[in-house]
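> Whatever this is, show me its structure:
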Amino acid sequence: MKAMIVDSYGNSSVFREVEMEKPSIKPGYVIIKVLASSVNPIDTKIRAGAVPAASPELPAVLHGDVAGIVEEVGEGVESFKVGDEVFGCAGGFKGTGGALAEFMLADVRLLARKPKNITMQQAACLPLVSITAWDALFVKGNLAANQNILIHGGTGGVGHIAIQLAKWKGANVYTTVSTEEKANIAKSLGADTVIDYKTETVEEYVEKYTGGNGFQTVFDTVGGKNLDTSFQAAATHGTVLAIAARSTHDLSPMHAKGLSLHVTFMLLKILDETKRVEHGVILQKIAEIVEAGKLKPLVDEKDFSFEEAGRSHEYLETGKAIGKISLINKWQ
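Numbering: from 1, shown residues only. Alright, predicted model coming up:
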């Protein structure tokens, strides 16, 4: 089969196209004929060698998000059959093969049936960000109807999914964006209130929308200094949810408000095989919500072929993408 591999970790130029052996089926797994993938920040970090604990052995096929058709079914698999359309975040990390290839060996516990009302390209943009948003909002954050939540980065990969899931749950959704275009997109996704963080300070919007009390739940999808902003925007006894916390912070504001901080790192449940089934269960629910018309992926207007994997990484790293960046397998 054709595949894009990396022989060493480094910048976006490390990808190269090769012919390699198609993976062999094994019990509990399926082989997927890969039709689409997407790029996530964790993919660029692994490519750069920044996350050695989660990185596969070299040479490696990267990328976790996949959408395609079941080509072969392993012993003991009853949940899928040949010809089923599936999606999931199923590899590209330590101990697994990635999606940037014509075929991918995938643990069925990490997969679900693709929603019928979206394309393969759209489906491939959902798994990692949907699982991340679900775990943060509902597993860690216990978000409930009528709660006020502030979501930072409302048109980002996780942020745009979080807006829709929070609205599906019945929460009151506030979100931060940086441009009028992004504000319009966030509103179209269901955000009740959109805040331009470039024109309003944290103090100003906390006073304006909460009477100075702060938000019950703050979901920081940005990281870095924005985590400090999240502490500042949270209410006393509030909850801060984070997905990018590889940074150093003064926790005094947390202590002063009695805040709870919860970090979601979805790869851990892929690396720990005993937890993988949790991802499949979440994806089944995500598919139901998509088919009910309550959730849709925001796909950037620029798409790439698998051969252009390096360019897709460069584009993500510019920060100019809106929503998710898709990759389409044009070898098939």
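> Residue 196 contacts residue 183, correct?
Yes: when contacts are counted by Cβ atoms under 8 Å, residue 196 is listed as touching residue 183 (6.5 Å). In this view, the C-beta of every residue, glycine as well, is placed from N, C-alpha and C.
> Pick out whichever of these two has more residues nearby.
residue 183 (19 against 14; other Cβ atoms under 10 Å).
> The more buried one should be in a helix, yeah?
Yes: looking at residue 183 with DSSP: H, G, I helix; E, B strand; the rest coil, it is inside a helix.
> follow-up on the earlier one: check the contact lists of residue 196 and residue 183 and give me the overlap.
Residues touching both residue 196 and residue 183 (Cβ atoms under 8 Å, 6 or more residues apart in numbering): residue 177.
> What are the buried residues along stretch 39-51?
39, 40, 41, 42, 43, 44, 46, 47, 48, 51 (16 or more other Cβ atoms under 10 Å).
> Then stretch 320-327?
By neighbour count with 16+ other Cβ under 10 Å, stretch 320-327 contains the buried residues 321, 322, 323, 324, 325, 326, 327.
> what's the answer for stretch 215-231, then?
For stretch 215-231, by 16+ other Cβ under 10 Å, it's 215-223, 226-231.
> Would you mind measuring from residue 139 to residue 297?
From residue 139 across to residue 297, the span is 21 Å (Cβ to Cβ, to the nearest Å).
> nope, residue 124 is what I was after
Distance from residue 124 to residue 297, by Cβ to Cβ: 9 Å.
> Which of the two has more residues huddled nearby?
Higher neighbour count among residue 124 and residue 297: residue 124, with 32 against 24, using other Cβ under 10 Å.
> Give the next helix or strand downstream of the helix or strand hosting residue 33.
Using DSSP states H and E, residue 33 maps to strand 29-39. Later in the chain than strand 29-39, the nearest helix or strand by DSSP H and E is helix 41-48.
> which other helices and strands contact that following helix?
In this structure, helix 41-48 makes packing contacts with helix 309-318, judged by 3 or more Cβ pairs under 8 Å, 6 or more residues apart in numbering; DSSP states H and E.
> What angle do strand 29-39 and the helix it packs on make with each other?
Calculated by axes from the mean of the first three to the mean of the last three Cα atoms, to 10 degrees, helix 309-318 forms an angle of 50 degrees with strand 29-39.
> gap between helix 309-318 and the chain center?
In terms of Cα atoms, centre = their mean, to the nearest Å, the centre of helix 309-318 is found 16 Å from the chain centre.
> got the buried residues for it?
Buried positions in helix 309-318, judged by neighbour count with 16+ other Cβ under 10 Å: 309, 310, 311, 312, 313, 315, 316.
> Then stretch 141-154?
Residues of stretch 141-154 classed as buried: 141, 143, 147, 148, 149, 150, 151, 152, 153, 154 (neighbour count, 16+ other Cβ under 10 Å).
> from the residues you listed, which ones fall inside strands?
Taking DSSP state E as the definition of strands, the buried residues of stretch 141-154 contribute 148, 149, 150, 151, 152.
> any idea which helix or strand carries the closest residue to residue 300 other than its chain neighbours?
Nearest residue to residue 300 in three dimensions, chain neighbours excluded: residue 321, at 4.5 Å (Cβ to Cβ, 6 or more residues apart in numbering). According to DSSP H and E, residue 321 maps onto no helix or strand at all.
> re earlier: go through the buried residues of helix 309-318 and name the one nearest residue 278.
residue 316 (26.5 Å; Cβ to Cβ).
> So what does the spatially most central residue of the chain look like in phi/psi?
Taking Cα atoms, centre = their mean, the centroid of the chain lies closest to residue 129, which sits 1.8 Å from it. The phi/psi pair for residue 129 (degrees, to the nearest 10) reads phi -70, psi -40.
> pLDDT averaged over the longest helix anywhere in the chain - what is it?
Across the chain, the longest stretch assigned as helix under DSSP state H is helix 276-291. Across helix 276-291, the average pLDDT comes to 98.
> Check stretch 7-22 too.
Across stretch 7-22, pLDDT averages out at 97.
> Residue 260 reaches residue 239, doesn't it?
Yes: counting by Cβ under 8 Å, residue 260 sits close enough to residue 239 to count as a contact (4.8 Å).
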